[in-house]
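> Based on what follows, work out the 3D shape:
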Amino acid sequence: QVENEFFRIPIQFLAAHSSYFRDLAGNPKAGLTEEDPINLDGVSREDFCQLLRVLYSSLIRRNFNKTEPETLSFSQWEAVFRLAKRWEMDEVKTHAITAVEGLPNVDPVEKINLARTYDIRSWLAPSFNEILQ
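Numbers count the residues shown, from 1 in each chain. This next block holds a predicted model:
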């Protein structure tokens, strides 16, 4: 359950990318009914939908390295970073880094803020250089 909405997703789908969900998957009764769902408190429905877009896209491609990344905006990728950090989804974070690097016209200040928040050191020097130029 995210906010007041129920999502019916196999827990193994999320567990494949996150130790947090792997631990939940170890409880065979967790989230099996709407009366006793897995509550993802502090997560917005919109952020969760962006993460699911990325995860389902990777499922269709069979991994994160085939074809082009999803067409998400900078703020949508920021939501993916937020949840990837929260649930320790390193492969998702790496994929998001590649995708954001390919976005056109990203404000270097916003990129620096994202880099500092999510420990993406490789973005710092180029973004500062872009500001200085």
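
> Extract the residue ranges of this protein that are flagged as low pLDDT.
Scanning the chain with the threshold set as pLDDT under 70 gives 28-32, 59-70.

> and the residue most central in space within it, what does it touch?
For the chain, residue 80 is the residue whose C-alpha lies nearest the centre (C-alpha atoms, centre = their mean; 2.6 Å). Each residue near residue 80 by C-beta atoms under 8 Å, 6 or more residues apart in numbering is listed here: 47, 50, 51, 54, 72, 92, 96. Any C-beta I mention is one placed from the backbone N, CA and C, and that applies to glycine too.

> and the first one, that one's in a helix?
Yes: per DSSP: H, G, I helix; E, B strand; the rest coil, residue 47 lies within a helix segment.

> so how far is residue 86 from it?
For residue 47, the distance to residue 86 (C-beta to C-beta, to the nearest Å) stands at 10 Å.

> quick revisit: highest neighbour count among the contacts of residue 80?
When neighbours are counted by other C-beta atoms under 10 Å, residue 96 leads the contacts of residue 80 with 29 neighbours.

> Can you classify the closest residue to that residue other than its chain neighbours as helix, strand or coil?
Of all residues not flanking residue 96 in the chain, residue 80 sits nearest, at 4.9 Å (C-beta to C-beta, 6 or more residues apart in numbering). Assigned with three-state DSSP, residue 80 falls in the helix class.
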